[in-house]
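K.L.:
sequence first, then the predicted structure, then my questions.
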2 protein chains.
Amino acid sequence: MSLEQTIAHIGPLDEAAMAAARVRQDNLTKPRGSLGRLEALSIHVAGITGQTQPRITHKVIITMAGDHGVVAEGVNAYPQEVTAQMVYNFLRGGAGINVLARHVGARVVVVDMGVAATLQPHPELVIQKVALGTQNIARGAAMTRQQAIQSIEAGITVVEAEIARGLDIVGVGEMGIGNSTPAAAIVAAFTGRSAAEVVGRGSGVDDAGLARKISAVQRALAVNRPDPFDGLDVLAKLGGFEIGGMAGVMLGAAAHRRPVVVDGFISTAAAMIAVAIAPQVRSYLIAAHRSQEPGHQAMLTWLGLTPLMDLDMRLGEGTGAALGISLVEAACKILSEMATFAEAGVSDRQ
Amino acid sequence: MSLEQTIAHIGPLDEAAMAAARVRQDNLTKPRGSLGRLEALSIHVAGITGQTQPRITHKVIITMAGDHGVVAEGVNAYPQEVTAQMVYNFLRGGAGINVLARHVGARVVVVDMGVAATLQPHPELVIQKVALGTQNIARGAAMTRQQAIQSIEAGITVVEAEIARGLDIVGVGEMGIGNSTPAAAIVAAFTGRSAAEVVGRGSGVDDAGLARKISAVQRALAVNRPDPFDGLDVLAKLGGFEIGGMAGVMLGAAAHRRPVVVDGFISTAAAMIAVAIAPQVRSYLIAAHRSQEPGHQAMLTWLGLTPLMDLDMRLGEGTGAALGISLVEAACKILSEMATFAEAGVSDRQ
């Protein structure tokens, strides 16, 4: 679907399914509320899917890669070629996301959204390349508005293809050397926080790199003057192709009533873009974890999301989302597999 | 092994294995430290097991059941018969712990440590019954010192039998109507906190029940005067048979260098007993989650443990431990399955 059609298809949560799931939770053989957030998660997924006992069978992590012109400002600890090298690592199954996706039984879909190299063809590599990396946001817009739309619609296309293969839940992750800089610029643009508040060390820049990164975000905001009430404008001026792609995955999944598990700092920047474009997508998002990156909490607060875990992770790729998917699956199994008091012959409270 | 022999077998963590695991973590294709607590967990398990790349294949949850004389004080929302009814629910696979154990690929071992009913035989029910429930701690000791030792040695026997069947990690959980009262008394005894600070609503008592529960804990401490420097004394005066059994599982697992994942409020009370008896067992414990029960944080602080998750859970049974086991397994897979920079041909930092 086009972006416009997708937005039109994102409806509210199914209140009737949520009410039915709540009733069932309250009749399972445990004190009411004693499974805490697992109970709430299962009811949330009932509302997303419209199923009173949702089944999570097909789990998918979509990991999107892109490069960033802003690396010219010396904002990153690793050379740009690592983006492409890590894509090959994903395809060989040796990266963190591969290990954690296998652990939770999810398949990984690797997408080239805009890597600054022509990647070798691979049967499992999805090519949706918008360009060979973005422009340097410290000096101008990352991309044109048309490219922003293209990146989002690519994400919609990717998730719709996976839904056709079978997808009950999707985790969203990324790889892109330098992409914590656009993510920081995005959170600053939407929340009004200063660059110094939201810029962190990303993959591990030293103090001088951190200062260059803060300066790059300040210049990106000053040069581009993004409109925080226009999500496409923020994406075009500050974003990345993988950030647009992830926003598209979120919008497309929501349009098809599939829950989306958001990963860390960069993925949550994409969630901000998606919510700015279509606020009702927020109800379809589940925040997996709180990143070590300092700007992440400002994103979560703006989105009104409470992460499931806080494990000091900051890798990206969808690694936190993979662990989050397992918790959502556990929550749905509680709802569908536990015995009720009546079924088990257990006395309810006095 | 006897309790005495078990204590003598609990050694320090293997520093060489931990150092080797740290080196490997630092060479995996991710920024150093970017998997946060997963990295630390994998190194911890290396130290526990003495293996530089520990494998978690056989996962076991030991769920121990017992009854409590203190229910006569009106401290619980559910009738005492629920303990036995839930044991049957465990054996039929319909309880929360069954669902979550299946989700993470763990087997559940159900142990009757002291249910106040003679349970019907079942091929999967382990009988280590010390007595038909404890005495009322508000009026005297829960059990004799000899019964306290017996309950701990039963736990050692149970975990050693499971190690013989194959056990790479063990989660510890429980079922026992009324057992949040002895757990609150135990944390008060060890930390000196007041009953009002550490007593919570357990499975959901109302305000009047909460007041009776606080009073029962106050009387248990006044009547019994437990010695906080004598773990067996605290167990005998305030404990439960399942609490002693869980302490025994922890000590036995540590003696055989197996990691122990501690569940919630009651399991952590057992951890305090185990650590009071043999302080070196602490290094073998991993706290799965922070319970909603208000006294749990005081326990974790006293033990010096930081829980992996905070999901507002308060069910017990080992449900939090099951989810924790999955995170420990994920951490160990990261250590053994991820590619190194050299293997993957990925450039390290500049």
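P.N.:
Received it, and whenever you're ready, just let me know what you need. Numbering: from 1, shown residues only, chains lettered A, B, ... in the order given.

K.L.:
any stretches of chain A with poor pLDDT?
P.N.:
In the predicted model, chain A carries pLDDT under 70 at residues A:350.

K.L.:
just the strands in it please.
P.N.:
Listed in chain order, the strands found in chain A under DSSP state E are A:59-66, A:106-114, A:125-127, A:169-175, A:260-262, A:285-287.

K.L.:
quickly list what the closest residue to A:Met175 other than its chain neighbours is bridged to.
P.N.:
By the measure of C-beta to C-beta, 6 or more residues apart in numbering or on different chains, the closest residue to A:Met175 outside its immediate chain neighbours is A:Ala65, 4.5 Å from it. All C-beta spots, glycine's among them, are computed from the backbone N, C-alpha and C. With DSSP bridges applied, A:Ala65 shows beta-bridge pairing to A:Asp112, A:Met175.

K.L.:
now A:Thr340
P.N.:
With DSSP bridges applied, the residues forming beta bridges to A:Thr340 are A:Leu28.

K.L.:
so it touches A:Asp26, yeah?
P.N.:
No: at 9.5 Å, A:Thr340 does not count as touching A:Asp26 under the criterion of C-beta atoms under 8 Å.

K.L.:
shared neighbours, those two?
P.N.:
With contacts taken as C-beta atoms under 8 Å, 6 or more residues apart in numbering or on different chains, A:Thr340 and A:Asp26 have no neighbour in common.

K.L.:
ok, A:Val170 - contacts?
P.N.:
Residues touching A:Val170, when contacts are defined by C-beta under 8 Å, 6+ apart, comprise A:Val60, A:Ile61, A:Ile62, A:Val159, A:Glu162, A:Val249, A:Ala253, A:Arg258, A:Pro259, A:Val260, A:Val261.

K.L.:
can I have the buried ones of these as a PyMOL selection?
P.N.:
Applying 16 or more other C-beta atoms under 10 Å in any protein chain shown to those leaves a buried subset, and the PyMOL line that selects it is:
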select buried, chain A and resi 60+61+62+159+162+249+253+258+259+260+261
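
K.L.:
can you lay out the contacts of A:Val170 as JSON lines showing distance to chain B?
P.N.:
What follows is the contacts of A:Val170, written out as JSON lines (distance: C-beta to the nearest C-beta, whole Å):
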{"residue": "A:Val60", "distance to chain B": "18"}
{"residue": "A:Ile61", "distance to chain B": "14"}
{"residue": "A:Ile62", "distance to chain B": "19"}
{"residue": "A:Val159", "distance to chain B": "25"}
{"residue": "A:Glu162", "distance to chain B": "23"}
{"residue": "A:Val249", "distance to chain B": "23"}
{"residue": "A:Ala253", "distance to chain B": "23"}
{"residue": "A:Arg258", "distance to chain B": "20"}
{"residue": "A:Pro259", "distance to chain B": "17"}
{"residue": "A:Val260", "distance to chain B": "20"}
{"residue": "A:Val261", "distance to chain B": "15"}
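
K.L.:
now render the contacts of A:Val170 as TSV, adding distance to A:Ala142.
P.N.:
Written out in TSV, the entries for the contacts of A:Val170 read as follows (distance: C-beta to C-beta, whole Å):
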residue	distance to A:Ala142
A:Val60	27
A:Ile61	25
A:Ile62	21
A:Val159	22
A:Glu162	26
A:Val249	19
A:Ala253	24
A:Arg258	28
A:Pro259	29
A:Val260	23
A:Val261	26
